[in-house]
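1. let me see the structure of the following:
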Amino acid sequence: MQIPRSSALGSLSRRQLLRSAGGLALGLALPGLACSTLQRSKRTPDLQISLAQWSLHRALWSGELDPLDFSAVARDAFGIGGVEYVNTFFKDHVEDQAFLTELRDRAAKHHVRSLLIMIDAEGDLGAEDPGPALDRHRKWIDAAAFLGCHSIRVNAGGPGSMAELAGRVSRSLRALAEYGAPKRINVIVENHGGYSSNGAWLAGVMELANHPGVGTLPDFGNFRISADEEYDRYRGVREMMPYAKAVSAKSYDFDADGNETHIDFARMLQIVRAAGYKGYLGIEYEGDSLSEYEGIQKTGQLLRSLGVG
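-> Numbers count the residues shown, from 1 in each chain. Below you'll find the predicted structure:
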């Protein structure tokens, strides 16, 4: 879907977001975070904070925020130096070299690392004939490589029993990983509903795929298998972490002490660290009680209180 833009949206959007944030950078940034280089120093923590584009989906859908300004907002409004894109906000531009060049160059200008692209609505990798879906996903691998990302995030959807779907998805993941390997792009799967929200099932898919470029993106919040079944989130993250190449710190609501009311972040961070994971945790605020900017701020403050970033 094409995101509507106004001619003055670029710089104006950033000013509006900074006002809405109300000085978020003061609450989120640490002394070394806004440095003018992407090189990691000896003081860089093992776990860092990134920002998932979905956290600003309302601003993006409304046209208040131009997708090209995402990296500027991540840095200027929130003091965050890593971003995770969502393909649906620039779906028509997967092969648009001018757009991708601008997206890449703006990230570099603001000293922001492009980490991954989350891919939705490009067909089921577990379909009986996954060929068309594979072709569409390969285009996003090319785009991710051009932007300097390390991964694309895909979904494990399709028909059939658990065993049937596991077999088809694992073959598709392997095919994409083989395509992505020369471009240094991993193919990672998020728990995103259905069987994929069953941590044991997804771990089994990883074993079937058996490729170093295939991995998981554990999301703290996406463990709804069906309308009447939800998987234990802590067990699920623990089962997915051995294969994790990224982690999504999903948040919804916060209490007066700044703790997430649905997810025990301290417990989640223990699981993440116990698995030996070192990398980014992507803020993905999905609540309604706070503005998107306040939700991002609260999530970042909570993560920092737990030693992230």
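2. who is Gly282 paired with across the strands?
-> For Gly282, the beta-bridge partners are Ser50, Ser248 (DSSP bridges).
3. so it touches Val247, yeah?
-> Yes: the criterion here is C-beta atoms under 8 Å, and Gly282 meets it with Val247 at 6.9 Å. For glycine as for every other residue, the C-beta is placed from the backbone atoms N, C-alpha and C.
4. compare the two (neighbour count), which wins?
-> Neighbour totals were compared for Gly282 and Val247, and Gly282 leads with 29 against 26 (other C-beta atoms under 10 Å).
5. for Ala244, see how far away that one is.
-> Gly282 sits 12 Å away from Ala244, going by C-beta to C-beta, to the nearest Å.
6. what's the answer for Ser50, then?
-> 14 Å.
7. who's more crowded, these two?
-> Using other C-beta under 10 Å, the more surrounded residue of Ser50 and Ala244 is Ser50, with 26 against 20.
8. where along the protein do the strands fall?
-> For the chain, applying DSSP state E gives strands covering 47-52, 82-86, 113-118, 151-154, 186-190, 214-217, 224-226, 229-230, 247-251, 279-285.
9. out of these, which is closest to Phe70?
-> strand 82-86 (6.2 Å; C-beta to C-beta).
10. neighbouring strands for the closest one, and are they parallel or not?
-> For strand 82-86, pairing defined by DSSP bridges yields strand 47-52 (parallel), strand 113-118 (parallel).
11. what does the last one rub up against?
-> Read that as strand 113-118. 38, 50, 52-54, 71, 81-87, 103-104, 107, 140, 143-144, 147-153, 188, 190, 217, 246, 280, 282 (C-beta atoms under 8 Å, 6 or more residues apart in numbering).
12. try it again at 6 Å.
-> For strand 113-118, contacts defined as C-beta atoms under 6 Å, 6 or more residues apart in numbering pick out 38, 50, 82, 84-87, 107, 140, 144, 147-149, 151-153, 246, 280.
13. buried only: go through the residues you listed for me.
-> Listed as buried from the contacts of strand 113-118 are 50, 82, 84-87, 107, 140, 144, 147, 149, 151-153, 246, 280; burial here means 16 or more other C-beta atoms under 10 Å.
14. any buried residues in the lengthiest helix in the chain, and which?
-> Identified as the longest helix of the chain according to DSSP state H is helix 162-180. Residues 165-166, 168-177, 179-180 are the ones in helix 162-180 that count as buried (16+ other C-beta under 10 Å).
15. and Leu302, how far is that from Leu60?
-> Leu302 is 24 Å from Leu60, by C-beta to C-beta.
16. er, Gly157 actually
-> 23 Å.
17. related to what we said a few turns ago, for Ala127, which of the strands of the chain is the nearest?
-> It's strand 151-154; of these, that one is closest to Ala127 (C-beta to C-beta) at 12.8 Å.
18. partners of the closest one in the sheet?
-> Strand 151-154 is paired, per DSSP bridges, with strand 113-118 (parallel), strand 186-190 (parallel).
19. okay if I get these as a markdown table plus mean neighbour count, distance to Pro132 and mean pLDDT?
-> Shown next, in a markdown table, are these (neighbours: other C-beta atoms under 10 Å; distance: least, C-beta to C-beta, whole Å; pLDDT from 0 to 100):
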| stretch | mean neighbour count | distance to Pro132 | mean pLDDT |
| --- | --- | --- | --- |
| strand 113-118 | 24 | 19 | 98 |
| strand 186-190 | 26 | 17 | 98 |
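20. what would those look like in JSON lines with distance to Leu306?
-> Shown next, in JSON lines, are these (distance: least, C-beta to C-beta, whole Å):
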{"stretch": "strand 113-118", "distance to Leu306": "20"}
{"stretch": "strand 186-190", "distance to Leu306": "22"}
